[in-house]
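# Generate a structure from the sequence data that follows.
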Amino acid sequence: MKVRISNYPSWFTTHHLAEKLCFWAKDVENEVGLMDKPEWVYNFGEWLTYGSVLPEPEVGEFYPTETRKRTLLARALDAINDKRKQKIEVKIDEWDLWDPYTTIGIVVRPLLTEFVNKKRHGAPNTDYEDVPEELRPSEEWIKQSKENKDGEVDDKFHERWDWILNEMLFAFNHIEGGPDEFWADEYWGDAPTMRYRKIDEKGMSVIEFDEEWDCDMVKIREIEARIENGFKLFGKYFRALWD
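Down below sits the predicted model:
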């Protein structure tokens with residue numbers, strides 16, 4: 001398999017052009033405390049885009065962007081930007097199809113590892129039943145949030161997403177090709193001596209062991225269930241893997 005994905009193409013708009021032409025303009029602190037170009041540079045970009053600069057609307061009014069005709073320069077830049085696409089190349093080899101389950105895991109694992117370990121800038125809504133009790137908000141908070149509907153999140157909001165992501169990664173790490181693919185060896189123990197005993201004249205035989213197999217099936221089933229749950233979470237929150 002060969003996968004090559006280029007960076008997302010960056011758009012170059014009339015406002016970018018205005019900043020380039022006014023290269024000497026230094027950043028100033030705006031009304032929300034962030035450093036940005038002076039307002040007159042923004043207005044210059046508006047003029048390049050629409051051929052005029054409208055006054056700021058009053059509170060509660062709409063910006064009339066949909067009704068304004070864009071300049072020839074703005075439309076030309078739009079046409080150029082529309083043609084710029086992200087380059088994606090995927091080549092599948094025959095051996096990749098022998099075990100797609102393993103192949104997909106090999107591709108997803110490093111991507112998910114980087115995503116889990118990076119500093120993320122947000123988190124999606126998650127269902128409370130998908131996480132342990134200690135990560136769920138109180139019943140009182142749930143009731144208040146339903147009544148207020150103000151978009152406020154509880155103090156465990158991001159921790160829930162972190163936990164779900166780590167369960168996904170746990171699942172991918174414990175399958176073929178992962179760093180912990182042989183996890184079960186620790187719990188199987190030493191195999192007992194296996195013998196074949198003939199049971200009739202036709203050569204039929206059965207397998208017998210000298211002693212019971214000393215394996216921790218409780219722990220094995222516990223980890224298998226955690227792996228399966230990790231894949232269920234991966235499928236459920238697949239479209240939430242964004243930043």
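
# Residue 70 contacts residue 78, doesn't it?
Yes - look at residue 70 against residue 78 with C-beta atoms under 8 Å: they come within range, at 7.4 Å. Where C-beta positions appear, they are placed from N, C-alpha and C, glycine not excepted.

# ok, the two, which is more surrounded?
residue 70 (16 against 13; other C-beta atoms under 10 Å).

# Contact partners for the more buried one?
Each residue near residue 70 by C-beta atoms under 8 Å, 6 or more residues apart in numbering is listed here: 49-50, 78.

# Pull out the buried residues from the helix ranked longest in the chain.
When the chain is parsed with DSSP state H, its longest helix is helix 217-236. Buried positions in helix 217-236, judged by neighbour count with 16 or more other C-beta atoms under 10 Å: 223, 227, 229-230, 233-234.

# among the residues you listed, which two are most distant?
Spanning the widest gap among those are 223 and 234, at 16.6 Å by C-beta to C-beta.

# So residue 125 lies in a helix, does it not?
No - assigned with DSSP: H, G, I helix; E, B strand; the rest coil, residue 125 falls outside any helix and is coil.

# which residues in this protein form helices?
Under DSSP H, the chain gives helices at 14-21, 39-50, 72-83, 100-117, 139-148, 157-173, 185-188, 217-236.

# For the fifth one, report the contacting residues that lie outside it.
Applying C-beta under 8 Å, 6+ apart, the set of residues contacting helix 139-148 from outside is 128, 137, 152, 154.

# Let's see that with 7 Å instead.
152, 154 (C-beta atoms under 7 Å, 6 or more residues apart in numbering).

# ditto for the second one
Outside helix 39-50, the residues within contact range by C-beta under 7 Å, 6+ apart are 14-15, 17-19, 22, 25, 53, 68, 70-71, 73-74.

# Columns distance to residue 123 and pLDDT on top of these, output as TSV?
TSV is the format used below for the contacts of helix 39-50 (distance: C-beta to C-beta, whole Å; pLDDT from 0 to 100):
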residue	distance to residue 123	pLDDT
14	35	95
15	30	95
17	36	95
18	35	95
19	32	94
22	38	95
25	37	93
53	39	87
68	37	82
70	37	90
71	40	95
73	40	96
74	36	94
